[in-house]
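Asker: A predicted structure for the sequence below; I have some questions about it.
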Amino acid sequence: MTHMWHQTNFRVPYKDTDRMGVVHHGNYITWFENARTECMRHYGLTYSKMERLGFLLPVLDVNVTYKKSAWYDDCVAVFTRVASYSPVRLEFTYEARKVTEEEFMQNDEAQTAEPFGELLAKGTTMHMWVNQEWKPVRMDKAAPDVYGILQNIEER
């Protein structure tokens, strides 16, 4: 896929740091989740809408590779995009990057062809569409309009 990355900006909150003053490694997964939620919202696939339609999207796998530490009050952008999808699964890829104050102020909730800034961590999450009984669902059959949105993302 060659579609755009979605960008979600925030400043590192004090609560996300550990005794050493750096962001605790577990917080990157929360950052990825927040960025994924905003990316999906951007394309009209809010979690609340999916749940109203009777679908859930649990995480099957999380992978994070850490490159550099982030510190309290750093400006961070998490770049997110759909890495792959099928009627049953959906995979996202992420890059958390430290950005300058100027980049932070100019590019909140933007789309970009390539992530920029200093790479802090990168990762992926794999999800599976399930119904309210936690049984796998083929979205191309159960919700063709939702599946169509995923297909349209690929074209962007």
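Answerer: Alright, I've got the coordinates. Numbers count the residues shown, from 1 in each chain.
Asker: quick one, longest helix in this protein?
Answerer: helix 27-42 (DSSP state H).
Asker: counting contacts, what elements does that one pack onto?
Answerer: Using 3 or more Cβ pairs under 8 Å, 6 or more residues apart in numbering; DSSP states H and E as the contact definition, the elements that helix 27-42 packs against are strand 5-11, strand 59-66, strand 75-85, strand 89-98, strand 118-128. Placement of C-beta: from N, CA and C, glycine included.
Asker: Work out which residue lies at the spatial centre of this protein.
Answerer: With distances taken as Cα atoms, centre = their mean, the residue of the chain nearest its centroid is residue 36 (2.5 Å).
Asker: returning to what we had before: mind putting the helices and strands packed on helix 27-42 into CSV with distance to residue 25 and mean pLDDT?
Answerer: Shown next, in CSV, are the helices and strands packed on helix 27-42 (distance: least, Cβ to Cβ, whole Å; pLDDT from 0 to 100):
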stretch, distance to residue 25, mean pLDDT
strand 5-11, 17, 95
strand 59-66, 6, 98
strand 75-85, 14, 95
strand 89-98, 11, 98
strand 118-128, 8, 98
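Asker: Among those strands, which comes closest to residue 18?
Answerer: strand 59-66 (13.3 Å; Cβ to Cβ).
Asker: List the strands paired with that closest one, with their directions.
Answerer: strand 118-128 (antiparallel) (DSSP bridges).
Asker: Please state the offset of the very next helix or strand once past the partner strand from the chain centre?
Answerer: Downstream of strand 118-128, the next assigned helix or strand under DSSP states H and E is strand 130-131. From the chain centre to the centre of strand 130-131 is a distance of 20 Å (Cα atoms, centre = their mean, to the nearest Å).
Asker: Show me what strand 130-131 packs onto, helices and strands only.
Answerer: Looks like strand 130-131 contacts strand 55-56 (3+ Cβ pairs under 8 Å, 6+ apart).
Asker: mean confidence for the strand it packs on?
Answerer: Strand 55-56 shows a mean pLDDT of 96.
Asker: What lies in contact with that strand?
Answerer: The contact list for strand 55-56, computed with Cβ atoms under 8 Å, 6 or more residues apart in numbering, reads 50, 129, 130, 131, 132, 134, 137, 139, 142, 143, 146.
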